[in-house]
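Engineer: After the sequence you'll find the predicted model.
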Amino acid sequence: MGSQQREEVGLEEAISRCVRCGRCRAVCPTFDLIQREWAVARGRVALTKALEKGDVPPSRRLEEHLSTCLLCMACEEVCTNETPVVDIVEAARAVLAKAKGVSLPGRCLKRILEDKTLAHRLVSVGILTRPLWGRKVEEYRGIALRIPLLKELGLMPPVEVPYSREAPVEQGTGNRGTVALFLGCLLEYVYPSIAEATVAILSGMGYRVIIPEGQGCCGHPHLAMGDKGGAERLKERNTRVLESSGAHLVVTACATCTAHLKRHYRLSIPVKDVAELLLEVGPGGFRYKLAERATYHQPCHLGRGQGIKGVPSFLRALLGSSFVEMAEFERCCGFGGSAAWIYPQVSLGVGKVKARHISQTGCGVVLTDCPACILQINRCLAMEGIRSKALHIVEAIDFRLREVENNSKETTG
């Protein structure tokens, strides 16, 4: 059930749709790891029902049971009753956040994501002091921590100079209209190379690309932590910025941002993931520019969250024999937003399965469409000692549509 097609229902009706058939047990990555009833969708739905009725009080233990759900939607995809598990879990988290408050790491994260000035200052300090607390690990695109107590977290994000600080005000001819690139958090602070590659591809397609000033986090992390108020504030701010930008289309290169904007925002202009535009052009418009063989990981928020599932076929046609399909390529990588840092044992436990599947392909590159997945996969590959790296698709391809069009004209002329 894609994010755009989800039927909005009340919490009581949503809970009643779960008939405890157990189909979710076969696909849930956290149940596969933990093997406890509370770690699967039907168990978490039952806990939410008990919380709503007052049969169980809000507690840190209950919060752990509900917060370790990765919101991957695998259970929703196989549920014959279309139980909106993500809605149910998010509603329960909101109740817990109101009753018990958000954890200290969660509060810090929310504060940073809501205050762009603060985020920029912290990034500047982080870059300046990086030699003291970490070292760059280029092959995995991350930072290895020097602090012993935090080493179990694995690689930290490769914090970089914010993309919007150095990006041109606009690029491209605008023959096909104006696109507003929504950066979100990871393209802005962690992977500006993805933003740069996205702009290059959109410009090549004939779009005028602008980076609207004042945009920020999409609000998904807040909603996932139970902070509906914070998510709403960010939505209002971003809506105002995007709709006043003069753009005809909003594009993101983060599947999570795209899914959140499509589902929770009510923009007057359409929103597309960059993967949608790649599929619209087709593999003939691009060239794979890397030497290594590649496999593909499908982000949960792209395949299940938006119903965009044509990327493997696109890559197979583009790469030919250089493309190797991964076992369970649609399986969650384990990032789960804040779960990656607050519950690292669960996140890394799920991520190790993904790393093993990547290793089995023998590929040096795993392509995907979500910077959060890139961060998580590289983190898990490093911990498992697997010499592969995750990249965004836009970083691995060049645009060559004009060459294709010219060749076509010469053939038909």
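Structural biologist: Everything's here; your move.
Engineer: make it CA atoms for all contacts and neighbour counts henceforth
Structural biologist: OK.
Engineer: And stretch 305-319, what's buried?
Structural biologist: Within stretch 305-319, the residues scored as buried using 16 or more other C-alpha atoms under 10 Å are 305-309, 311-312, 314-316, 318-319.
Engineer: and which of the residues you listed is nearest residue 290?
Structural biologist: Using C-alpha to C-alpha, residue 319 comes nearest to residue 290 of the buried residues of stretch 305-319, at 9.9 Å.
Engineer: Tell me who's in contact with that closest one.
Structural biologist: Residue 319 makes contacts with residue 288, as judged by C-alpha atoms under 8 Å, 6 or more residues apart in numbering.
Engineer: and it, that's in a strand?
Structural biologist: No. Counting by DSSP: H, G, I helix; E, B strand; the rest coil, residue 319 is not found in a strand; it is helix.
Engineer: list the contacts for residue 118?
Structural biologist: Contacts of residue 118 were listed using C-alpha under 8 Å, 6+ apart, and they are residue 112.
Engineer: So what's the residue count around residue 392?
Structural biologist: 24 (other C-alpha atoms under 10 Å).
Engineer: Test my guess that it contacts residue 192.
Structural biologist: No. Contact criterion C-alpha atoms under 8 Å: residue 392 and residue 192 do not qualify, at 11.3 Å.
Engineer: Just the element for the closest residue to residue 11 other than its chain neighbours, please.
Structural biologist: Sequence neighbours aside, residue 88 is the residue nearest to residue 11 in space, at 6.6 Å (criterion: C-alpha to C-alpha, 6 or more residues apart in numbering). In the assignment (DSSP states H and E), residue 88 maps to helix 85-100.
Engineer: Return the member of the buried residues of stretch 305-319 nearest to residue 355.
Structural biologist: residue 312 (18.4 Å).
Engineer: what helix or strand is the closest one on?
Structural biologist: Following DSSP H and E, one finds residue 312 within helix 311-319.
Engineer: Mind checking the pLDDT average for that helix?
Structural biologist: For helix 311-319, mean pLDDT is 97.
Engineer: got the CA positions of it in PDB?
Structural biologist: Taking C-alpha atoms only, helix 311-319 is exported to PDB below (Å, rounded to 0.1, in the frame of the first residue of the first chain):
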ATOM      1  CA  VAL A 311      14.600   0.600 -10.400                       C
ATOM      2  CA  PRO A 312      16.000  -2.900 -10.600                       C
ATOM      3  CA  SER A 313      14.800  -3.300 -14.200                       C
ATOM      4  CA  PHE A 314      16.200   0.200 -15.000                       C
ATOM      5  CA  LEU A 315      19.600  -0.800 -13.600                       C
ATOM      6  CA  ARG A 316      19.500  -4.200 -15.300                       C
ATOM      7  CA  ALA A 317      19.000  -2.600 -18.700                       C
ATOM      8  CA  LEU A 318      21.600   0.100 -18.000                       C
ATOM      9  CA  LEU A 319      24.400  -2.000 -16.500                       C
END
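Engineer: any idea how far that helix is from the chain center?
Structural biologist: A distance of 21 Å separates the centroid of the chain from that of helix 311-319, by C-alpha atoms, centre = their mean, to the nearest Å.
Engineer: contacts for the helix or strand following it?
Structural biologist: Note on helix 311-319: by DSSP H and E, the next helix or strand toward the C-terminus is helix 339-342. Residues outside helix 339-342 that contact it (C-alpha under 8 Å, 6+ apart) are 67-68, 70, 105, 153, 334, 346-348, 376.
Engineer: what's the answer for stretch 10-22, then?
Structural biologist: Stretch 10-22 is contacted from outside by 42, 45-46, 49, 81-85, 87-88, 91, using C-alpha under 8 Å, 6+ apart.
Engineer: Of these, which pair is most distant in space?
Structural biologist: When C-alpha to C-alpha is used, the two most widely separated members of these are 81 and 91, lying 19.0 Å apart.
Engineer: of the two, who's got more company?
Structural biologist: residue 91 (21 against 12).
Engineer: residues near the spatially closest residue to that one that is not a sequence neighbour, how many?
Structural biologist: Sequence neighbours aside, residue 226 is the residue nearest to residue 91 in space, at 7.1 Å (criterion: C-alpha to C-alpha, 6+ apart). Counted with other C-alpha under 10 Å, the neighbours of residue 226 add up to 24.
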